[in-house]
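Enquirer: heads up, no residue letters with this:
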């Protein structure tokens with residue numbers, strides 16, 4: 001006969017003769033746990049001893065209670081936890097589910113969702129400690145799953161409804177708690193992300209509506225654009241931080257946030273798109289005006305990083321690009337650009353959207369460097385002509401028309417003789433060295449520093465058009481609007497924009513008769529020889545007069561949009577032709593889908609694609 005150790009025999013007898021005949025042992029253990037849950041002081045060490053006893057009592061595979069040893073397949077699988085799982089763990093898990101279902105129903109009726117979540121957190125932590133100290137590691141996983149089912153899944157609709165109030169009241173700690181419990185339930189995370197997107201949309205739409213109500217006029221929209229874009233950037237910072245800190249950078253929440261921003265950032269504010277207002281903000285920061293000029297290096301970097309992230313949500317990125325290009329041209333030509341900041345901004349855009357996106361912008365900066373090198377090369381010849389020019393010093397920017405958003409002027413201004421001498425002198429020198437090139441003069445973007453001998457000597461930094469106006473007063477103390485118009489041959493609207501800062505701005509260098517804020521055709525102007533008045537203190541010796549080309553006019557805005565619309569038509573035509581060359585034959589709907597996928601800088605509508613298809617068919621590029 002087989003010899004069996006005495007300890008093994010004793011354990012077998014304990015199991016078969018005593019434990020199997022006392023099922024109330026399991027019930028007593030569960031009651032012990034429930035009493036502990038209700039706050040009674042109990043000896044949970046008995047639970048640990050019961051667990052150890054059940055593990056020890058688990059029959060060995062070579063005992064008489066198990067299958068015989070199989071020479072072909074080896075011994076049967078042996079699970080030392082089988083008895084513990086069957087007689088204690090499983091009944092405890094099921095009873096825990098029932099216990100917490102009853103408790104949760106009662107607690108939710110009497111308390112808020114926030115308090116309920118805090119209680120759930122305490123209960124889960126208690127169960128983890130109890131399982132680790134007195135039960136087994138496998139028990140913890142099953143108990144927590146039972147708790148999630150009884151405490152979270154059963155009350156999911158009630159819990160999620162409270163998420164809206166948490167977002168509205170910025171209850172971040174409670175949001176953190178809710179996400180921690182619901183993150184393992186996919187449908188719950190989807191519902192939370194949907195509600196998060198709706199909340200972000202509501203907040204953004206409210207800000208856009210307020211801005212639209214205050215900025216119906218063109219000038220008012222520009223004036224308030226910087227503050228509005230700051231608000232949008234603060235919203236982006238706020239919700240991005242919320243996603244990172246409270247929702248563990250969850251992909252679904254990040255996508256919900258981005259979708260919400262795309263929804264409200266692609267609306268119009270008055271007559272402007274938000275992307276156009278964003279250009280105004282970037283221009284202000286890069287010029288260093290107002291509060292933006294006081295930013296430290298770290299603050300500037302962070303501000304422009306957020307600006308680029310905000311730009312990513314615009315559907316009309318090509319419209320932003322066109323307006324940014326025009327603003328960059330104005331900054332460079334008005335000598336208000338910080339080249340280091342400009343290059344750093346372009347590098348940020350280049351990292352996000354590639355070298356092709358910034359190629360023309362970088363070309364503009366390169367042209368400025370080449371112009372500086374050209375001026376050094378011609379400095380000797382120009383200095384020889386210094387005396388013949390009446391002591392005037394001038395610099396010329398020679399620009400590549402492919403890079404710059406500057407078209408040839410349709411109206412030639414009659415330059416005063418002082419400026420005309422400079423133009424003729426440079427033309428002779430430059431064309432002698434570059435015979436095969438053609439110079440087209442664009443005076444509208446030029447600047448000049450003028451010495452003004454008024455009540456005290458001043459230096460005025462003005463546009464080329466403005467200096468042409470001021471030089472006329474060297475020959476006549478008083479000029480009417482019609483006199484200035486006949487002398488310069490500028491369009492009336494452009495001439496009014498030039499004179500307005502000189503006669504009606506913060507500093508009035510010209511006296512207008514009759515007084516008023518608007519320039520009319522019947523006005524007469526005189527040099528204000530009493531400027532600055534004694535009551536005006538701390539007037540700087542060098543004053544920058546706002547240039548007419550620095551402002552965004554309705555005509556310029558319309559021209560930029562027209563240019564973008566024209567480019568879009570060409571891009572869509574090219575995409576259609578590319579697709580047809582690769583596919584040869586394709587259904588209409590498939591063609592719409594294929595073409596719409598090819599654009600990253602703007603969102604093309606099916607209507608536009610259909611229109612371009614018809615245009616290409618008329619030109620026989622394709623046939624139906």
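Expert: Structure received. Since we're looking at a predicted model, the values are computed, not measured.
Enquirer: rest of the way, CA atoms for contacts and neighbours
Expert: Will do.
Enquirer: What ranges does the stretch 1-150 of the chain have for its helices?
Expert: For the stretch 1-150 of the chain, the helices defined by DSSP state H, counting those that start in this stretch occupy 6-13, 24-37, 45-57, 82-84, 90-110, 113-134, 137-147.
Enquirer: Show the residue spans covered by the strands in the stretch 351-500 of the chain.
Expert: Secondary structure of the stretch 351-500 of the chain by DSSP state E, counting those that start in this stretch: the strands cover 447-453, 457-463, 478-480.
Enquirer: Quick check: which of these is buried the most?
Expert: strand 457-463 (a mean of 19; mean count of other CA atoms under 10 Å).
Enquirer: Just the angle for that one relative to strand 447-453, thanks.
Expert: Here strand 457-463 points in a direction 150 degrees away from that of strand 447-453 (axes from the mean of the first three to the mean of the last three CA atoms, to 10 degrees).
Enquirer: For strand 457-463, which helices and strands make contact with it?
Expert: Counting by 3 or more CA pairs under 8 Å, 6 or more residues apart in numbering; DSSP states H and E, the packing neighbours recorded for strand 457-463 are strand 447-453, strand 542-544.
Enquirer: elements contacting the last one?
Expert: With contacts defined as 3+ CA pairs under 8 Å, 6+ apart, the secondary structure elements packing on strand 542-544 are strand 457-463.
Enquirer: so how far is stretch 259-269 from its chain's centroid?
Expert: In this view, stretch 259-269 has its centroid 11 Å away from the chain centroid, taken as CA atoms, centre = their mean, to the nearest Å.
Enquirer: what sits up against that stretch?
Expert: Applying CA atoms under 8 Å, 6 or more residues apart in numbering, the contact partners of stretch 259-269 are 197-198, 200-201, 204-205, 208-209, 211-212, 215-216, 221, 273-275, 313-316.
Enquirer: could the helices of the stretch 1-150 of the chain go into a markdown table alongside mean pLDDT?
Expert: Below are the helices of the stretch 1-150 of the chain laid out as a markdown table (pLDDT from 0 to 100):
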| stretch | mean pLDDT |
| --- | --- |
| helix 6-13 | 72 |
| helix 24-37 | 88 |
| helix 45-57 | 80 |
| helix 82-84 | 77 |
| helix 90-110 | 92 |
| helix 113-134 | 91 |
| helix 137-147 | 89 |
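Enquirer: Nearest to residue 189, out of these?
Expert: The closest of these to residue 189 is helix 113-134. By CA to CA, the value is 16.1 Å.
Enquirer: mind listing what's buried in the closest one?
Expert: For helix 113-134, the neighbour count (16 or more other CA atoms under 10 Å) marks 113-114, 116-117, 120, 123-124, 127-128, 130-131, 134 as buried.
Enquirer: Tabulate the helices of the stretch 1-150 of the chain (JSON lines), appending distance to residue 561.
Expert: JSON lines is the format used below for these (distance: least, CA to CA, whole Å):
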{"stretch": "helix 6-13", "distance to residue 561": "89"}
{"stretch": "helix 24-37", "distance to residue 561": "69"}
{"stretch": "helix 45-57", "distance to residue 561": "77"}
{"stretch": "helix 82-84", "distance to residue 561": "75"}
{"stretch": "helix 90-110", "distance to residue 561": "57"}
{"stretch": "helix 113-134", "distance to residue 561": "51"}
{"stretch": "helix 137-147", "distance to residue 561": "58"}
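Enquirer: Figure out which of those is closest to residue 378.
Expert: Comparing the helices of the stretch 1-150 of the chain by CA to CA, helix 113-134 comes nearest, at 75.9 Å.
Enquirer: Near the closest residue to residue 226 other than its chain neighbours, how many other residues are there?
Expert: Excluding its sequence neighbours, the residue lying closest to residue 226 (CA to CA, 6 or more residues apart in numbering) is residue 281, at 4.9 Å. Number of residues near residue 281 (other CA atoms under 10 Å) recorded here: 22.
Enquirer: so which helix or strand takes in residue 281?
Expert: helix 274-287 (DSSP states H and E).
Enquirer: And the helices and strands packed on strand 457-463: which comes nearest residue 522?
Expert: Among the helices and strands packed on strand 457-463, strand 447-453 comes nearest to residue 522, with 25.9 Å by CA to CA.
Enquirer: packing partners for that closest one?
Expert: With contacts taken as 3+ CA pairs under 8 Å, 6+ apart, strand 447-453 sits against strand 457-463, helix 464-472.
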